[in-house]
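Colleague: could you look at this predicted model? Sequence included:
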Amino acid sequence: MMEWETVHASGRRRVVVTKRLPGTRWLEILKEADCRVEICRSEAVLTVAEIREAIGSRCAGAIGQLTEEWGETLFAALKAAGGKAYSNYAVGYNNVDVAAATRHGIPVGNTPGVLTETTAEMAVALTFAAARRLGEAERFMRGGKFTGWLPTLFLGERLWRKTVGIIGAGRIGSAYALMMAEGFKMNVLYHDPRPNPRLEGAVREYGRFLESRGRTPVTCRRTPRLEELLKEADCVSLHTVLDDTTFHLINAKRLSMMKENALLINTSRGPVIDEAALVAHCKKHPRFRAALDVFEKEPALTPGLADLENVVIVPHIASATRWTRESMAVLAAANIAALVSGNPVWPGTDMAPFLGKPLPAAAPSVVNARELGLPVYRAP
């Protein structure tokens with residue numbers, strides 16, 4: 001049986017939160033909206049049945065996790081309980097059946113704009129952990145195997161002035177690309193359904209700056225064909241959404257197109273990679289290296305993955321800085337507080353006004369706002 005904690009028990013509007021969230025500002029926001037907040041204290045992933053039971057017969061809104069399946073059953077239950085809002089504690093929402101929520105008239109919030117640099121930083125960290133074999137070296141050291149410096153000990157890959165390939169040049173992919181171009185003078189290739197003139201322009205301007213200092217410029221180019229990027233890039237970083245077109249986007253055939261000593265980084269969604277194919281490829285090509293923050297059948301690992309020395313694995317922590325996770329909680333709570341109070345939806349993507357005080361009288365981000373015909377906030 002799950003243990004629940006109640007905060008502000010006298011609140012008129014009951015809100016269910018399926019995990020404890022970091023910080024305190026998010027709770028203040030819900031209390032200011034006269035919400036009684038019930039928080040699950042368990043670290044286990046709640047089932048649909050457990051969440052439906054928690055919703056009960058009276059519930060104004062809910063904050064859920066990307067590990068949970070929010071679909072027809074839960075949105076029907078939330079609607080029947082008088083629910084007016086749901087917010088995912090994540091920027092992504094592939095765990096949410098948005099169409100089902102829309103059918104039941106439930107707005108779906110998310111938490112964009114506060115994960116960009118944090119997640120890009122983790123992608124950079126994973127890139128160099130793989131390139132310089134940090135996981136292997138640390139295990140070697142902790143295992144008491146180090147007996148002295150050797151010329152051949154843990155030789156890795158040098159990325160300076162090489163080529164980085166970005167699959168999915170949205171906010172996070174673009175931030176990572178610029179970090180690699182500006183920090184390590186890497187040329188950028190990117191594959192995305194749409195051109196990204198802002199990214200191309202930023203790299204071009206930085207290239208001109210380098211030229212003005214008598215140095216070789218960096219370049220940025222979109223590759224309409226994914227195969228071209230895979231063949232040319234020394235390092236490939238995944239930043240795409242997960243949908244029918246990206247499931248197992250990286251499979252055995254595409255892995256075989258990559259360089260023998262290439263790096264593959266994934267901070268997007270696990271099922272973008274066919275993990276069984278990755279295991280087989282890494283076994284066959286020991287100089288190929290991968291670094292993964294997300295997994296195909298998370299939290300389970302594909303058999304053999306954890307045994308590979310040329311794969312770095314971390315437990316889905318790309319957004320795990322205190323500032324980011326607390327900011328995500330603020331945005332999720334602000335979504336619920338605004339929607340249960342009948343407030344409009346914030347225009348645009350700038351979330352900065354929600355990270356200070358006073359809070360705008362608007363929901364920061366609602367992915368189905370247009371479908372539901374929700375009003376848009378206009379500054380007084």
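Modeller: Alright, I've got the coordinates.

Colleague: show me the contacts for residue 66.
Modeller: 88-90, 92-95 (C-beta atoms under 8 Å, 6 or more residues apart in numbering). In this view, the C-beta of every residue, glycine as well, is placed from N, C-alpha and C.

Colleague: can you tell me the element it falls in?
Modeller: Residue 66 is part of no helix or strand when elements are defined by DSSP states H and E.

Colleague: residue 265 now?
Modeller: Residue 265 belongs to strand 263-266 when elements are defined using DSSP H and E.

Colleague: buried residues in stretch 316-325, which are they?
Modeller: Neighbour counts over stretch 316-325 (16 or more other C-beta atoms under 10 Å) mark 316, 318-319, 321, 324-325 as buried.

Colleague: on that earlier part again, what's the most distant pair in the contacts of residue 66?
Modeller: Maximum pairwise distance in the contacts of residue 66, criterion C-beta to C-beta, is 13.9 Å, between 89 and 94.

Colleague: export only the CA atoms of the strand holding residue 265, formatted as PDB.
Modeller: This file holds the C-alpha atoms of strand 263-266, laid out as PDB (Å, rounded to 0.1, in the frame of the first residue of the first chain):
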ATOM      1  CA  LEU A 263      31.000   7.800 -30.100                       C
ATOM      2  CA  LEU A 264      27.200   7.500 -29.700                       C
ATOM      3  CA  ILE A 265      25.600   9.600 -26.900                       C
ATOM      4  CA  ASN A 266      21.900   9.300 -25.900                       C
END
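
Colleague: which outside residues touch whatever helix or strand comes next after it?
Modeller: Sequence order places helix 275-284 as the next helix or strand after strand 263-266, per DSSP H and E. If you take C-beta under 8 Å, 6+ apart as the criterion, helix 275-284 is touched by 248, 250-252, 255-256, 264, 288-290, 295-297, 301-305, 308, 310-311.

Colleague: got the buried residues for helix 275-284?
Modeller: Of all the residues in helix 275-284, those buried under the rule 16+ other C-beta under 10 Å are 275-279, 281-282.

Colleague: likewise for stretch 285-296?
Modeller: For stretch 285-296, by 16+ other C-beta under 10 Å, it's 285, 288-296.

Colleague: rewinding a little: centre of the chain to the strand holding residue 265, how far?
Modeller: Distance of strand 263-266 from the chain centroid (C-alpha atoms, centre = their mean, to the nearest Å) equals 15 Å.

Colleague: do the same with stretch 184-195
Modeller: Worked out by C-alpha atoms, centre = their mean, stretch 184-195 lies 19 Å from the chain centre.

Colleague: picking up where we left off before, ok, the strand holding residue 265: who's next to it in the sheet?
Modeller: strand 235-238 (parallel), strand 289-292 (parallel) (DSSP bridges).

Colleague: return the first one as PDB; C-alpha atoms alone will do.
Modeller: These are the backbone C-alpha positions of strand 235-238, laid out as PDB (Å, rounded to 0.1, in the frame of the first residue of the first chain):
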ATOM      1  CA  CYS A 235      30.600  11.700 -32.400                       C
ATOM      2  CA  VAL A 236      26.800  11.300 -32.700                       C
ATOM      3  CA  SER A 237      24.500  12.700 -30.000                       C
ATOM      4  CA  LEU A 238      20.800  12.000 -30.000                       C
END
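
Colleague: for the record, mean pLDDT for that strand?
Modeller: The average pLDDT within strand 235-238 is 98.

Colleague: turn the buried residues of stretch 285-296 into TSV, including pLDDT.
Modeller: Below are the buried residues of stretch 285-296 laid out as TSV (pLDDT from 0 to 100):
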residue	pLDDT
285	98
288	98
289	98
290	98
291	98
292	98
293	98
294	97
295	98
296	97
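
Colleague: can you redo these as a markdown table with distance to residue 125?
Modeller: Listed next are these as a markdown table, based on distance: C-beta to C-beta, whole Å:
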| residue | distance to residue 125 |
| --- | --- |
| 285 | 23 |
| 288 | 19 |
| 289 | 14 |
| 290 | 14 |
| 291 | 9 |
| 292 | 13 |
| 293 | 10 |
| 294 | 15 |
| 295 | 18 |
| 296 | 22 |
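
Colleague: so what's residue 130 up against?
Modeller: 263, 265, 289-291, 310, 312.

Colleague: quick one: which of the residues you listed is nearest residue 372?
Modeller: Looking across the contacts of residue 130 and measuring by C-beta to C-beta, the closest to residue 372 is residue 265, at 36.6 Å.

Colleague: what residues does that closest one make contact with?
Modeller: Neighbour list for residue 265: 123, 126-127, 130, 235-238, 290-292 [criterion: C-beta under 8 Å, 6+ apart].

Colleague: what bridges to it?
Modeller: Under the criterion used (DSSP bridges), residue 265 bridges to residue 237, residue 291.

Colleague: rewinding a little: so which of residue 89 and residue 94 has more stuff around it?
Modeller: The neighbour comparison of residue 89 against residue 94 (other C-beta atoms under 10 Å) goes to residue 89, with 24 against 15.
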